[in-house]
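J.: Give me a 3D structure for the following:
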Amino acid sequence: MGVGRSSFRRLKLRPRAALVEATPNAVVPALRDGSSAKVLALPADRADDIQAEARAMTRSANASVYSPKLLADKYGSQPFKVVGRTLQILTALGSFGLKLFLDQRNGVLDRNKRVRAVELRTIFTQLGPTFVKLGQGLSTRPDICPPEYLEELSELQDGLPTFPDEEAFACIERELGLSLESIFSSISPSPIAAASLGQVYKAQLKYSGKLVAVKVQRPGIEEAIGLDFFLIRGLGFFINKYVDIITSDVVALIDEFARRVFQELNYVQEGQNARRFRKLYADKEDIFVPDVFWDYTSAKVLTMDWVSGVKLNEQEAIERQGLKVLDLVNTGIQCSLRQLLEYGYFHADPHPGNLLATPEGKLAFLDFGMMSETPEEARFAIIGHVVHLVNRDYEAMARDYYALDFLASDVDVSPIVPALRDFFDDALNYTVSELNFKTLVDGLGNVLYQYPFNVPAYYALILRSLTVLEGLALYADPNFKVLAASYPYFAKRLLTDPNPYLRDALIELLFKDGKFRWGRLENLLVQGRMDRDFSAKEALQPVLKVLLSPDGEELRQLVTKEAIRVTEAFTLSTISDTYKSIPDFMRTLIANGNANGPLMMPDAEMKSLVELRDQVLRVWGLLQSSEDFDPSLLLPIVQVLQQPEARRLGERVVGGITQRLAARFLQQLLRTPTVST
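T.: Model (predicted):
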């Protein structure tokens, strides 16, 4: 049931128009029979929306899923097709492998890495959609590819020649069971964008006048991808058996990647991904996520809001709209951190074409075919890993790789510790604001490449996501550092999150050698306040709870010592300040010639006490100056002080202070008077 292009009004599109223009929901028009049409995709009518989604799922019931067994059964009986594609792939990859062999034999393997990486990128592009996707996947695997290959493969663009528009329009009608005239009042005569799996048209819905993006799947894509993965999986068995340099289970990696690609072929699944992402992250005023029109969506057709915008790497176009690239990148970083470390559900393909700056200054996320999840344990382990990095605790960093699922539990991490120390000791000579994220990723990639690491897919995609964002920012500001932009979020989480793992990480960060590091706390508060979600009411409450818990004895001992030290600092520095404020003739009578007045201690010790007091006052000032500060913040402290454990803690503090001050007083009484000559 094809429809000619003459049936549709051509839309005049700006060259840089992106996939989507969010417009207000239109009034529902009346149908010919006088009844009112139901807008099934509008959030305002959730019941109808659920029904529309259910109908879309029914339309996608026969969508292909990845099954190694089904592929083996299917292509095992088609030897001519298998041999033909095999020869095509082997000709391309065989010549590349021969070059690698000759490079190794001639001792120029390392020297030619960059050249060979460029050649591999070109070969993947020529071999078609599966290999473009495979190259993009390899670009996130530092445990498989050297840094030169990671960099080149990350530049793979999945733009391919378009397929005929008549085939696309016929697919829309076939999938939705409706004619184009009944769905759209207009549709672009040619695609606005083309990718490896499909192409996108701009259209206007007939019932509402709303502008939408209509993505149509490439014909025969399931067949092509299925055959390729059947062959690639066979190669994976060969690599596992004969290639010792690759320690990861290649077949398992191929299966995981193939499942993701096949999921991308089901556009209803992509629509559900978009809805979930929208629910979690579009609550922020500076984030936009297009919505799905379920009645015009199936396994091979996806209809979503059209959003006008500019790709995030088009700096001049963004600035002409009065926007700043760095503001948008910072928005992306903060949203990515929430994705990775709060809910654990994140956009796994944030290349510039999927991140748009809208005229309103929002950051729009597009293309939700490839999503991933961070396991809950790993979310906290990543934050703990940052703490261990800041503390230069490389033994703890190495142990983190168990929780992150980088290493099997039976792998000895002791040989890895020196490699981490050698790299990070140099890298950490820079401040957090100077540290380049890509430098860390590349250095960590070299470590992973040398040892038996198996980088989980979620972590590789995290590295890729943040590296892409930093790369976009560097176009606008060569001095931009993604770690500096991320640190406020980490500081806020450490100060306010009640999770036991993060409470321990915060305590580990703040205490060293039995002493409290007030400078660290001050820095965390300064950084944490930069995060818009920071709350002074929540700051440090998790630590207070663990302090008074039955398991907090060790922490209570540390806090007791620190409370005594701080009280002594306030008392003695106040005495010193009071002494300095009295007239000179009285000082002589009191001090008997001692420089510190009535206190007999070295200048350096007094200076240290004054610095400690001033640090504590600055920390208190930071809490007080927070917008949501309220004296009621202290009520939980008063309440817990009434608990038996708190009273015992208070008694220990008072006893310790009394002993220290009594010792100081006796020292002053027994000091040798200065004799005038």
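
J.: surely residue 213 meets residue 202?
T.: Yes - the pair residue 213 / residue 202 is scored as a contact, 6.4 Å apart, by CB atoms under 8 Å. Backbone N, C-alpha and C define where each C-beta goes, glycine included.

J.: joint contacts of those two?
T.: 192, 306 (CB atoms under 8 Å, 6 or more residues apart in numbering).

J.: Domain parsing of the protein, as residue ranges.
T.: As given by the TED database, the domain ranges for the chain are 48-62+164-217+266-306, 68-157+223-262, 311-515, 535-670.

J.: List the residues that contact residue 353.
T.: Neighbours of residue 353 in contact, by CB under 8 Å, 6+ apart: 193, 311, 366, 367.

J.: Show me which helix or strand of this structure is least confident by mean pLDDT.
T.: Lowest by mean pLDDT, DSSP states H and E among the helices and strands of the chain is helix 635-641, with a mean of 51.

J.: Kindly confirm my reading that residue 200 is in a strand.
T.: Yes - per DSSP: H, G, I helix; E, B strand; the rest coil, residue 200 lies within a strand segment.

J.: could you measure it against residue 191, distance?
T.: Remark: distance between residue 200 and residue 191 (CB to CB, to the nearest Å) = 6 Å.

J.: likewise residue 361?
T.: For residue 361 relative to residue 191 (CB to CB), the value is 28 Å.

J.: before we move on, back to that, including secondary structure, neighbour count and distance to residue 65, could the contacts of residue 353 go into TSV?
T.: Formatted as TSV, the contacts of residue 353 follow (DSSP: H, G, I helix; E, B strand; the rest coil; neighbours: other CB atoms under 10 Å; distance: CB to CB, whole Å):
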residue	secondary structure	neighbour count	distance to residue 65
193	strand	19	26
311	strand	18	32
366	coil	25	24
367	coil	23	20
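
J.: what's the closest of these to residue 240?
T.: For those, the residue nearest residue 240 by CB to CB is residue 367; the value is 32.3 Å.

J.: from what I can see that closest one touches residue 354, true?
T.: Yes - at 4.6 Å, residue 367 and residue 354 qualify as touching, with contact defined as CB under 8 Å.

J.: Pull up the overlap in contacts between the two.
T.: With CB under 8 Å, 6+ apart as the test, residue 367 and residue 354 reach no residue in common.

J.: Tell me the buried residues in the longest helix along the chain?
T.: Ordering each helix of the chain by length in residues (DSSP state H) puts helix 553-581 first. Residues 555-556, 558-569, 571-573, 576, 579 are the ones in helix 553-581 that count as buried (16 or more other CB atoms under 10 Å).

J.: What is that helix packed up against?
T.: Helix 553-581 is packed against strand 515-516, helix 541-547, helix 584-591, helix 603-624, helix 644-669, with contacts defined by 3 or more CB pairs under 8 Å, 6 or more residues apart in numbering; DSSP states H and E.

J.: circling back to that earlier point, when residue 200 and residue 191 are compared, which one has more neighbours?
T.: Legend: neighbour count by other CB atoms under 10 Å for residue 200 and residue 191, higher for residue 200 (24 against 19).

J.: how much space between that one and residue 213?
T.: Counting by CB to CB - residue 200 and residue 213 are separated by 5 Å.

J.: And residue 417, by the same measure?
T.: As for residue 417, its distance to residue 213 is 50 Å (criterion: CB to CB).

J.: quick one: which of those two has more around it?
T.: Taking neighbours as other CB under 10 Å, residue 417 and residue 213 compare with residue 213 leading, 23 against 15.

J.: I'd like the next helix or strand past the helix or strand that the more buried one is a member of.
T.: In the assignment (DSSP states H and E), residue 213 maps to strand 211-217. Beyond strand 211-217 on the C-terminal side, the first helix or strand identified by DSSP H and E is helix 221-242.

J.: what comes up buried for that following helix?
T.: Within helix 221-242, the residues that count as buried by 16+ other CB under 10 Å are 221-222, 225-233, 235-236, 239.

J.: show me what contacts residue 123?
T.: By CB under 8 Å, 6+ apart, the contact list for residue 123 reads 92, 93, 96, 131.

J.: Quick check: of the residues you listed, which lies closest to residue 270?
T.: residue 131 (21.5 Å).

J.: For the closest one, give me its contacts.
T.: 123, 124, 125, 228.

J.: 10 Å instead, please
T.: Neighbour list for residue 131: 89, 92, 93, 120, 123, 124, 125, 138, 156, 196, 228, 232 [criterion: CB atoms under 10 Å, 6 or more residues apart in numbering].

J.: Can you get me a residue count around residue 488?
T.: Neighbours around residue 488, by other CB under 10 Å: 22.

J.: where along the stretch 251-400 of the chain do the strands fall?
T.: Using DSSP state E, counting those that start in this stretch, the strands assigned to the stretch 251-400 of the chain run over residues 287-288, 301-305, 310-311, 345-347, 355-357, 363-365, 371-373.

J.: again but with the stretch 401-550 of the chain, I slipped
T.: If DSSP E, counting those that start in this stretch is used as the criterion, the strands of the stretch 401-550 of the chain fall at 511-512, 515-516.

J.: Output the ones you listed in JSON lines, with mean pLDDT, mean neighbour count and distance to residue 446 appended to each entry.
T.: Shown next, in JSON lines, are the strands of the stretch 401-550 of the chain (pLDDT from 0 to 100; neighbours: other CB atoms under 10 Å; distance: least, CB to CB, whole Å):
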{"stretch": "strand 511-512", "mean pLDDT": "74", "mean neighbour count": "14", "distance to residue 446": "29"}
{"stretch": "strand 515-516", "mean pLDDT": "76", "mean neighbour count": "17", "distance to residue 446": "36"}
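
J.: Can I get those strands in TSV including distance to residue 406?
T.: Listed next are the strands of the stretch 401-550 of the chain as TSV, based on distance: least, CB to CB, whole Å:
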stretch	distance to residue 406
strand 511-512	27
strand 515-516	32
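
J.: Out of these, the one nearest residue 293 is which?
T.: strand 511-512 (54.8 Å).

J.: for the closest one, packing partners?
T.: Packing partners of strand 511-512 (3 or more CB pairs under 10 Å, 6 or more residues apart in numbering; DSSP states H and E): helix 553-581.

J.: re the thing from before, please indicate which of the contacts of residue 123 are buried?
T.: 92, 93, 131.

J.: Name the nearest of these relative to residue 608.
T.: Proximity of the buried ones among the contacts of residue 123 to residue 608 (CB to CB) peaks at residue 131, which lies at 63.8 Å.

J.: That closest one is in what secondary structure piece?
T.: Per DSSP H and E: helix 129-138 holds residue 131.

J.: and that helix with helix 221-242, angle?
T.: Angle, helix 129-138 to helix 221-242, by axes from the mean of the first three to the mean of the last three CA atoms, to 10 degrees: 50 degrees.

J.: Show the average pLDDT along helix 129-138.
T.: Average pLDDT, helix 129-138: 79.

J.: Just give me how far stretch 298-317 sits from the chain centre.
T.: For stretch 298-317, the separation from the chain centroid amounts to 21 Å (computed by CA atoms, centre = their mean, to the nearest Å).

J.: no wait, stretch 350-361
T.: 17 Å.

J.: What are the buried residues along that stretch?
T.: Across stretch 350-361, burial judged by 16+ other CB under 10 Å covers 350, 351, 353, 354, 355, 356, 357, 358, 361.

J.: One more: stretch 501-512?
T.: By neighbour count with 16+ other CB under 10 Å, stretch 501-512 contains the buried residues 501, 502, 503, 505, 506, 507, 508, 509, 510, 511.

J.: Tell me the one of the residues you listed nearest residue 303?
T.: Nearest to residue 303 among these: residue 502, at 41.5 Å, using CB to CB.

J.: Hmm, residue 385 and that closest one touching each other?
T.: No - the pair residue 502 / residue 385 is not scored as a contact, 11.9 Å apart, by CB atoms under 10 Å.

J.: which stretch among the strands of the stretch 401-550 of the chain comes nearest residue 622?
T.: Checking the strands of the stretch 401-550 of the chain against residue 622 by CB to CB gives strand 515-516 as the closest, at 15.7 Å.

J.: Columns distance to residue 206 on top of the buried ones among the contacts of residue 123, output as TSV?
T.: Shown next, in TSV, are the buried ones among the contacts of residue 123 (distance: CB to CB, whole Å):
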residue	distance to residue 206
92	46
93	48
131	40
